[in-house]
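1. Sequence first, predicted model second:
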Amino acid sequence: MITKIPFLIAEISANHNGSLAIAKKLIKCAKDNHADAVKLQTYTPDSMTMKSNKKYFRINKGLWKGRNLWNLYNKAKTPYSWHKELFGYAKKIGILCFSTPFDENAVDLLKKLKCPMYKVASFEMTDIPLIKKIARTKKPMIISTGMANINEIKTTFDVAKKNGAKDITLLYCVSNYPSKISDFNLNNIKILKDKFKCKVGLSDHSTDMKIAAAAIAAGAEVVEKHIALKNQKKGFDLKFSIKGNEIKKLKNIMEETYRLVKKTNFYTNESDKINSKSRRSIFVVRKIKKNEKFTKFNIRRIRPGYGASPIYYEKIIGKRSIKNLDPGTPFKLRFIK
């Protein structure tokens, strides 16, 4: 389902602020700014956690410090009753829409909506029953790997494969919200690609576009980024979201970066080939008679580049000329007797 490289996923998450109209505007914003897909999150507060005021259920650091988990998810959720309309709207305007299910009931809902692809969030990556349920849909899976060690990733990857998943993409992810540049190790992208032989990308919660561009250079084929509307002033994920036409800017940066690194063999571009006429080459600098020896006094390595390469200069010295040569003549190897 990832139909082109690089592939940009616009994550709506909770930036709809409880408004179906804003959710639709976010989908339209993603489409208008050239995102390849838009993604929802499918959960209820009860599928995420339990109602409790015990300390374990209170967030103690980061962007949502002090919030109770159940209350946070209740405010941030995308209601199940919206899903059919949002999927239909995305299809109508021509952008791929899929979602992250957070439990088995969410998978059942998304199956009814013919969800074309499924995302597994980093926090659910070790939820093996959920992984099995998603894999058994046989739809493409994208799995975020934040907080996971390589053995946990392998376990999840193997379970998904064993249960029917044939198209798996792994996303390197730092699960800080927002993430600092110093949190990242983009070598992990190559490590994941080398070990699992699958498509690899980045789930990016940083505050700008530098990491996404660097990730493409490091081998990422997919980038997931949270989005907001151009003039949006509030949103649960606003601090690590890109707004409005920043989405288009990111897509352009990704494509430009990919063009710079996609060739796997050493490549000389056309402008370099043209400019090669400006580099040094061998020229005749004094009149040379037929059968005369070439010396450092009658041929030199100078600009421009119309003569033979200086690579051959030392081998030419001492050889004899096949004909008379005038000063200013670009030296050719065929002049050697």
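-> Here it is on my side, so go on.
2. Which residue ranges of this structure form strands?
-> In the chain, the strands defined using DSSP state E lie at 7-11, 37-42, 96-101, 118-120, 141-144, 168-173, 199-204, 222-228, 241-243, 281-284, 299-302.
3. Export these as JSON lines, with columns for distance to residue 55, mean pLDDT and mean neighbour count.
-> No exception for glycine: its C-beta is placed from N, CA and C like everyone else's. As requested, those are exported to JSON lines (distance: least, Cβ to Cβ, whole Å; pLDDT from 0 to 100; neighbours: other Cβ atoms under 10 Å):
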{"stretch": "strand 7-11", "distance to residue 55": "30", "mean pLDDT": "98", "mean neighbour count": "26"}
{"stretch": "strand 37-42", "distance to residue 55": "26", "mean pLDDT": "98", "mean neighbour count": "24"}
{"stretch": "strand 96-101", "distance to residue 55": "27", "mean pLDDT": "98", "mean neighbour count": "24"}
{"stretch": "strand 118-120", "distance to residue 55": "28", "mean pLDDT": "98", "mean neighbour count": "26"}
{"stretch": "strand 141-144", "distance to residue 55": "27", "mean pLDDT": "98", "mean neighbour count": "26"}
{"stretch": "strand 168-173", "distance to residue 55": "27", "mean pLDDT": "98", "mean neighbour count": "24"}
{"stretch": "strand 199-204", "distance to residue 55": "29", "mean pLDDT": "98", "mean neighbour count": "26"}
{"stretch": "strand 222-228", "distance to residue 55": "28", "mean pLDDT": "98", "mean neighbour count": "26"}
{"stretch": "strand 241-243", "distance to residue 55": "30", "mean pLDDT": "97", "mean neighbour count": "21"}
{"stretch": "strand 281-284", "distance to residue 55": "77", "mean pLDDT": "98", "mean neighbour count": "22"}
{"stretch": "strand 299-302", "distance to residue 55": "77", "mean pLDDT": "98", "mean neighbour count": "18"}
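4. Flag every buried residue along stretch 313-333.
-> Buried residues in stretch 313-333, counted by 16 or more other Cβ atoms under 10 Å: 313, 316, 321, 325, 329, 331.
5. just curious, which of those residues is nearest to residue 278?
-> residue 331 (17.0 Å; Cβ to Cβ).
6. per-residue confidence for the closest one?
-> Residue 331 carries a pLDDT value of 98.
7. gap between it and residue 264?
-> 36 Å (Cβ to Cβ, to the nearest Å).
8. Also residue 289?
-> With Cβ to Cβ as the criterion, residue 289 and residue 264 are 50 Å apart.
9. The two: who's more crowded?
-> residue 289 (11 against 6; other Cβ atoms under 10 Å).
10. Which residue is the nearest non-sequential neighbour of the more buried one?
-> Nearest in space to residue 289, with sequence neighbours left out and distances taken as Cβ to Cβ, 6 or more residues apart in numbering, is residue 324 at 5.7 Å.
11. Look up how far residue 290 lies from that neighbour.
-> 5 Å.
12. Residue 57 now?
-> 96 Å.
13. Same question for residue 308.
-> For residue 308, the distance to residue 290 - Cβ to Cβ - is 19 Å.
14. The two: who's more crowded?
-> residue 308 (21 against 11).
15. Need phi/psi at that one.
-> phi -70, psi 160 (degrees, to the nearest 10).
16. Verify the contact between it and residue 283 for me.
-> No - the pair residue 308 / residue 283 is not scored as a contact, 9.3 Å apart, by Cβ atoms under 8 Å.
17. anything in contact with each of those two?
-> 330-331 (Cβ atoms under 8 Å, 6 or more residues apart in numbering).
18. and stretch 135-153, how far from the chain's centre?
-> The chain centroid and the centroid of stretch 135-153 are separated by 17 Å under Cα atoms, centre = their mean, to the nearest Å.
19. buried sites along it?
-> So stretch 135-153, judged by 16+ other Cβ under 10 Å, has buried residues 135, 137, 139-146, 148, 153.
20. hmm, which two among these are most spread apart?
-> Among these, 137 and 146 lie farthest apart (Cβ to Cβ), at 22.8 Å.
21. Give me the nearest residue to residue 114, chain neighbours excluded.
-> Nearest non-adjacent residue to residue 114 (Cβ to Cβ, 6+ apart): residue 87, at 8.0 Å.
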